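S.K.: model this:
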Amino acid sequence: MMSDYLRKGFLLGLGAAVSGKEKFEQKVKELVEKNELTQEQARTVLDNFIEKGSTKKDEWDERSREKKKDLARETGLATTDDIDELRARIIVLEDKLGVSLEEEADTEEEQN
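M.R.: Okay, the predicted model is just below:
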């Protein structure tokens, strides 16, 4: 449910960004036509605009990941990192005990 909400928000933001980019490019083109900007200056301005947008997207992605982790912790859900950490700890314990819980589970299934 939450992921659908985030997806819709992302798509809405993406639409606004595309629309904003088109308007921005049009304004830069008009400035070039009026000889207020050279082609080289226009290219630099557009490159900076795109680079800044990419940086903002990365920031948004990172904030989104952190929000999802916070939500998982608040609701008591295990994150992939939590599960990976537990798996690693189980492997260490199995090595110390000289057993494999996975092998024991397979043996029990065969007996049933």
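S.K.: any idea which element the residue nearest to the spatial centre of the chain lies in?
M.R.: Central residue of the chain (CA atoms, centre = their mean): Asp61, 4.0 Å from the mean position. Taking DSSP states H and E as the definition, Asp61 sits inside helix 39-75.
S.K.: by how many degrees do the helix or strand that that helix is followed by and helix 39-75 diverge?
M.R.: Downstream of helix 39-75, the next assigned helix or strand under DSSP H and E is helix 80-97. Between helix 80-97 and helix 39-75, the angle comes out at 60 degrees (axes from the mean of the first three to the mean of the last three CA atoms, to 10 degrees).
S.K.: returning to what we had before: helices and strands around the helix holding Asp61, which ones?
M.R.: helix 2-33 (3 or more CB pairs under 8 Å, 6 or more residues apart in numbering; DSSP states H and E). From N, CA and C alone the C-beta is placed, and that goes for glycine too.
S.K.: Quick one: mean pLDDT over the helix it packs on.
M.R.: Helix 2-33 shows a mean pLDDT of 68.
S.K.: Walk me through the domains of this structure.
M.R.: 1-77, 78-112 (automatic domain parsing).
S.K.: related to what we said a few turns ago, show the pLDDT at the residue nearest to the centre of the chain.
M.R.: 86.
S.K.: how close does it get to Phe24?
M.R.: Noted for Asp61: a distance of 22 Å to Phe24, by CB to CB, to the nearest Å.
S.K.: try Glu36
M.R.: Counting by CB to CB, the gap from Glu36 to Phe24 is 15 Å.
S.K.: out of these two, which sits in the more crowded spot?
M.R.: Phe24 (16 against 11; other CB atoms under 10 Å).
S.K.: That one - nearest residue in space that isn't next to it in sequence?
M.R.: Phe49 (6.0 Å; CB to CB, 6 or more residues apart in numbering).
S.K.: Having no further points to raise, I will conclude here.
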